[in-house]
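Asks: After the sequence you'll find the predicted model.
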Amino acid sequence: MVALKFIDTSGLFPPDYFLALIHLSGDSSVLKNESDSEILDVLAGTPQKKLLVINPGTVDSENAMLRFCNRIAAISKTSGNKSLIAVKDPDCGFIDWFLGIYKDCDLNDAVFKTRSLYARIICETGLSIAHELVYPQLLPYFEDMIGCLAVDDDYTESGMPLTGNAIKKDSIENCVFIECGDDFGEIERIVISASK
């Protein structure tokens with residue numbers, strides 16, 4: 001988890017602008033709604049399934065992130081996994097990630113690229129998104145894409161309200177945070193173990 005931050009949003013287009021450009025539809029929208037409902041059940045203490053939140057660590061491109069997610073989806077499928085899987089942002093959070101790797105990227109570009117990548121992950125892999133809540137004021141730009149929020153002590157101590165899909169590490173029995181980077185063997189072991 002990274003520290004809670006605030007960012008100047010004075011030049012940022014409103015959320016509806018981005019929602020109109022990039023949104024889920026058809027089967028992807030149905031799948032996400034079903035996953036969201038199951039995630040809320042896990043967070044409410046329903047014991048039938050576990051939620052695995054997987055941190056990709058450091059990835060250096062959008063393609064690398066998509067390869068990581070496709071690998072996770074393949075492991076889940078071949079292992080007969082019955083757990084829910086949500087992929088978390090890279091260690092720095094996607095907004096800072098995009099602002100850092102693209103020289104001419106501004107906040108509007110970073111929000112657009114983050115939404116685009118979230119949509120591709122959901123559509124191509126069927127995985128859920130665990131959004132790293134680095135910038136709370138940007139949450140309205142991603143709420144429709146994320147399955148759960150990954151929060152830490154900075155957020156809870158800020159006094160800001162927690163939504164029903166917020167997860168703090170080690171706070172929910174059926175939720176497992178996996179910090180593994182590229183160790184897919186370890187991921188597979190954890191996924192298989194969680195499914196038993």
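Replies: Thanks, I have the structure now.

Asks: Could you check how far the closest residue to residue 46 other than its chain neighbours is from residue 49?
Replies: Excluding the flanking residues, the one nearest residue 46 by Cβ to Cβ, 6 or more residues apart in numbering is residue 174, at 8.0 Å. Glycine gets a C-beta too; all of them are placed from N, C-alpha and C. Separation of residue 174 from residue 49 (Cβ to Cβ, to the nearest Å) stands at 7 Å.

Asks: So between the two, which is more surrounded?
Replies: Neighbours were counted for residue 174 and for residue 49 using other Cβ atoms under 10 Å; residue 174 has more, 19 against 16.

Asks: Could you list the low-pLDDT ranges of this protein?
Replies: 1-4, 47, 80-81, 91-92, 101, 103, 151-165, 167-172, 180-184, 194-196 (pLDDT under 70).

Asks: show me where it has strands.
Replies: Counting by DSSP state E, the chain has strands at residues 51-55, 84-88, 128-132, 148-151, 166-168, 175-179.

Asks: Among those strands, show me which one is buried the most.
Replies: Of all these, strand 128-132 has the most neighbours on average by mean count of other Cβ atoms under 10 Å, namely a mean of 26.

Asks: any idea of the angle it forms with strand 51-55?
Replies: If you take axes from the mean of the first three to the mean of the last three Cα atoms, to 10 degrees, strand 128-132 sits at 60 degrees to strand 51-55.

Asks: List of residues touching strand 128-132?
Replies: Contacts to strand 128-132, defined as Cβ atoms under 8 Å, 6 or more residues apart in numbering, come from residues 1-2, 32, 35-36, 39, 53, 84-89, 93-94, 118, 121-122, 139, 142, 145-150, 167.

Asks: residues in contact with the residue nearest to residue 46?
Replies: The neighbourhood of residue 174, defined by Cβ under 8 Å, 6+ apart, consists of 42, 45, 46, 47, 49, 50, 51.

Asks: Nearest to residue 28, out of those: which one, please.
Replies: The shortest approach to residue 28 among these belongs to residue 51, at 19.7 Å (Cβ to Cβ).

Asks: count of neighbours near residue 12?
Replies: Around residue 12 there are 18 residues (other Cβ under 10 Å).

Asks: now it, nearest residue through space, not along the chain?
Replies: residue 107 is the one closest to residue 12 (Cβ to Cβ, 6+ apart), at 5.3 Å.

Asks: swap in residue 35?
Replies: Setting aside the residues directly before and after it, residue 35 is nearest to residue 128 in space (Cβ to Cβ, 6+ apart), at 4.9 Å.
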